[in-house]
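A.B. asks: I would like to see how this sequence folds:
(one chain, ligands or ions: 1)
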Amino acid sequence: MTTSNYFFRKEKLILEDSSGCISNSFLNLSKDEWYTIPNVQRNRAFARFERTDGLWKLLSDQRFYQSEEINSYNGGIQREFQAIDKRLIESGILQKIGEEQASMMGLKDVPMRVNVHQMQIVAIGAGASCQATPEGIHRDGHDYISIVFWRRENVVGGISRVYNEALECKAEFELDEAGEAILINDRIGYHEVTSFHAKDLNKAASREVFVFDWNLL
Ligand SMILES: [Fe+2]
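C.D. replies: Next up is the predicted model:
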């Protein structure tokens, strides 16, 4: 089997939402009870697929586990997340941007199991320090991952950083436009997002992304 040995890539995916499917899917996310940063809420949903020859089969298992070694914040816990909005799944938007990513990563013909995490971090108090990655500089424990930016409001900070195996920062990006994506070989690189806070303390601050985990089948 051919696999791809790139380190990371910055890309722009086509993510248009004329149907409103994506925006609507962020309206009713469940609170992540395992995220306990004061005055901040992480809301999320999850979907798992098997993808072979470009065909995406939705799996029913909503459980997600990372070891303590991989995730110092929530590792060692069997977590279970609500399903991503059925209308978004059925729209095929996630599968389409998934295929785009597979091509960019050089994995078009490689069967993969793909987890999609939909995440929204919201400051619920003025002056809150929002941690998108409370585990700090980390790997996710997959073969490849991607962070696909959707939207942010009233945010200062939240810079995405990519590190090499020696934990030297090799790139940083302030994701701002829908569809901007960082694709990372999770066996080579590490990543983090710096904390963010509200620009205008009288308004809510929020940041929304999709994270794709890619695992060889
Ligand atoms: Fe991560």
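A.B. asks: what residue is smack in the middle of this protein?
C.D. replies: residue 211 (1.9 Å; Cα atoms, centre = their mean).
A.B. asks: packing partners for whichever strand or helix holds it?
C.D. replies: Using DSSP states H and E, the element containing residue 211 is strand 205-216. Applying 3 or more Cβ pairs under 8 Å, 6 or more residues apart in numbering; DSSP states H and E, we find strand 205-216 packed against helix 93-105, strand 112-123, strand 144-153, strand 155-157, strand 196-198. C-beta here means a position set from N, CA and C on the backbone, and glycine is covered the same way.
A.B. asks: kindly recompute the last result at 10 Å.
C.D. replies: helix 21-25, strand 40-52, helix 93-105, strand 112-123, strand 144-153, strand 155-157, strand 180-185, strand 196-198 (3 or more Cβ pairs under 10 Å, 6 or more residues apart in numbering; DSSP states H and E).
A.B. asks: mean pLDDT for those - can I get that in JSON lines?
C.D. replies: Shown next, in JSON lines, are the helices and strands packed on strand 205-216 (pLDDT from 0 to 100):
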{"stretch": "helix 21-25", "mean pLDDT": "97"}
{"stretch": "strand 40-52", "mean pLDDT": "97"}
{"stretch": "helix 93-105", "mean pLDDT": "97"}
{"stretch": "strand 112-123", "mean pLDDT": "97"}
{"stretch": "strand 144-153", "mean pLDDT": "98"}
{"stretch": "strand 155-157", "mean pLDDT": "95"}
{"stretch": "strand 180-185", "mean pLDDT": "98"}
{"stretch": "strand 196-198", "mean pLDDT": "94"}
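A.B. asks: let's have these in JSON lines, adding mean neighbour count and distance to residue 163.
C.D. replies: Shown next, in JSON lines, are the helices and strands packed on strand 205-216 (neighbours: other Cβ atoms under 10 Å; distance: least, Cβ to Cβ, whole Å):
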{"stretch": "helix 21-25", "mean neighbour count": "18", "distance to residue 163": "29"}
{"stretch": "strand 40-52", "mean neighbour count": "20", "distance to residue 163": "22"}
{"stretch": "helix 93-105", "mean neighbour count": "19", "distance to residue 163": "19"}
{"stretch": "strand 112-123", "mean neighbour count": "22", "distance to residue 163": "20"}
{"stretch": "strand 144-153", "mean neighbour count": "22", "distance to residue 163": "13"}
{"stretch": "strand 155-157", "mean neighbour count": "16", "distance to residue 163": "18"}
{"stretch": "strand 180-185", "mean neighbour count": "23", "distance to residue 163": "10"}
{"stretch": "strand 196-198", "mean neighbour count": "21", "distance to residue 163": "19"}
